[in-house]
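>>> Let me see the structure of the following:
(one chain, ligands or ions: 1)
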Amino acid sequence: MNPNCTTAMYWVFVVSFLACCFFFVDTTTYAFTIYQPTPKDVEISEELNERIDDLLIGQEEKAWEYHDKLLRMYNTRIARDGETWRMYILSNLIDHINSHYLSDIEKLDFISDDSVTKFVSRNVPYNDPWYVPKDLVRLYDSSTVLIAHGTSSAEWPFHLIRRDIYDATILLSQAYAKRFNERLKINSAFRSFEMQRDNYSEQCRLNKICAYPGFSEHQWGLTIDIWGMHGEKYLWMKKSAHKFWFHQSYQHGYEHDHYHKEPWHRRYVDESFATELHETWMTFTQWYEERFASKQ
Ligand SMILES: [Zn+2]
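Model prediction:
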């Protein structure tokens with residue numbers, strides 16, 4: 001072979017090799033740069049991993065301690081706007097605890113404002129006190145529903161409820177109408193923070209009969225007040241409402257429920273939980289506090 005040709009091939013090889021090396025290093029660096037975690041990501045993942053490791057090597061009791069701690073943190077509203085990384089960590093921890101240790105009912109979400117099993121009480125507000133559900137729909141008069149206004153300040157020809165309970169409310173009203181040959185008279189449903197604030201009065205405060213704005217089960221649109229709940233109608237509702245996934249939140253008195261008895265008040269929960277509460281004869285508050293709050 002011509003020596004010049006050999007030299008030329010040598011240089012072509014060297015240049016190609018260097019070009020490949022440069023391309024490889026450059027693209028690797030580029031890729032590494034793209035996926036390089038930010039300091040904030042590192043902070044999140046380190047704390048998250050540490051806590052999850054603790055959790056996974058612990059016993060069930062330890063998991064419950066974490067669970068209770070998380071509930072306390074939420075309930076005391078440490079996880080506030082602007083602390084999104086903390087929310088991220090807590091939600092991941094809850095997922096892990098739920099998937100490792102809890103039964104189906106205990107997996108229910110009692111914390112998120114949007115959850116149908118959100119727990120609110122005299123001492124437990126919404127995470128966002130001004131929370132307004134995104135899926136409110138109008139409930140009008142029908143052959144089985146009669147719109148009335150009691151505690152609601154709005155005198156509209158409808159009540160607002162969340163889409164989640166629309167069908168359940170209609171089914172409950174149909175069963176009621178069939179049994180008593182009259183429409184189910186609903187006198188209050190969704191009440192916003194502002195409406196609750198307007199309703200709240202000195203009388204409420206003295207008699208402890210009303211929820212503070214930001215603490216009412218009516219604020220998340222999954223609760224209805226039913227007119228005429230006494231005698232036979234009340235007993236029927238007590239025996240039947242859980243079949244439509246409704247629960248009477250306040251039935252055992254102030255000492256147990258932190259509100260006086262309210263025969264008219266029905267909140268929606270989910271199917272398994274409505275059955276659980278019905279079968280155990282407990283109110284949501286009693287069940288929740290026995291399971292969680294007593295450990296705080
Ligand atoms: Zn009510």
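>>> Beta-bridge partners for whichever residue of the stretch 151-296 of the chain sits closest to the ion, please?
Relative to the ion, the nearest point of the stretch 151-296 of the chain is H265 (3.6 Å; CB to the ion). In short, each C-beta sits where N, CA and C put it, glycine included. For H265, the beta-bridge partners under DSSP bridges are D225.
>>> contacting residues around D114?
133-134, 220 (CB atoms under 8 Å, 6 or more residues apart in numbering).
>>> To clarify, my last question referred to L160.
136-139, 189-190, 221.
>>> top of those by neighbour count?
Neighbour counts for the contacts of L160 (other CB atoms under 10 Å) peak at G221, which has 26 neighbours.
>>> From the contacts of D114, pick out the ones that also neighbour the ion.
By CB under 5 Å from the ion, no member of those lies near the ion.
>>> Scan those residues and report the most crowded one.
W220 (24 neighbours).
>>> so how far is V124 from that one?
Distance, W220 to V124, using CB to CB, to the nearest Å: 13 Å.
>>> likewise G221?
As judged by CB to CB, G221 and V124 stand 18 Å apart.
>>> Can you give me the neighbour number for the closest residue to R179 other than its chain neighbours?
Closest residue in space to R179, ignoring its immediate chain neighbours: W236 at 6.0 Å, by CB to CB, 6 or more residues apart in numbering. A count of nearby residues for W236, using other CB under 10 Å, gives 15.
>>> quick one: contacts of the helix or strand hosting W236?
Using DSSP states H and E, W236 sits within helix 231-240. Helix 231-240 is contacted from outside by 172, 175-176, 179-180, 226, 229, 248, 251, 263, 266, using CB under 8 Å, 6+ apart.
>>> Do me a favour and average the pLDDT over the following helix or strand past that helix.
Per DSSP H and E, the first helix or strand lying C-terminal to helix 231-240 is strand 246-247. Across strand 246-247, the average pLDDT comes to 97.
>>> same check, this time on stretch 271-290
Mean pLDDT, computed over stretch 271-290, is 92.
>>> What are the buried residues along it?
Residues of stretch 271-290 classed as buried by neighbour count (16 or more other CB atoms under 10 Å): 273-274, 276-278, 282-289.
>>> swap in stretch 264-273?
Buried residues in stretch 264-273 (16+ other CB under 10 Å): 264-270, 273.
>>> number of nearby residues for S192?
S192, neighbours per other CB under 10 Å, totals 21.
>>> measure it to Y268 for me?
18 Å.
>>> Checking the residue of the stretch 1-150 of the chain found nearest the ion next. Helix, strand or coil?
The ion sits closest to G150 of the stretch 1-150 of the chain, with a gap of 8.9 Å, by CB to the ion. Three-state assignment for G150 (DSSP: H, G, I helix; E, B strand; the rest coil): coil.
>>> Isn't V124 up against F215?
Yes: with contacts counted by CB atoms under 8 Å, V124 reaches F215, the gap being 7.3 Å.
>>> tell me which element R197 falls in.
Here R197 is assigned to helix 193-199, by DSSP H and E.
>>> so where do the strands sit in the stretch 101-250 of the chain?
Ranges of strands in the stretch 101-250 of the chain, per DSSP state E, counting those that start in this stretch, are 136-140, 145-147, 158-162, 184-188, 223-226, 246-247.
>>> Run through the neighbouring helices and strands of the helix or strand that the last one is followed by.
Elements were assigned by DSSP H and E; along the chain past strand 246-247, the next helix or strand is helix 254-257. Where contact means 3 or more CB pairs under 8 Å, 6 or more residues apart in numbering; DSSP states H and E, helix 254-257 is packed against helix 284-291.
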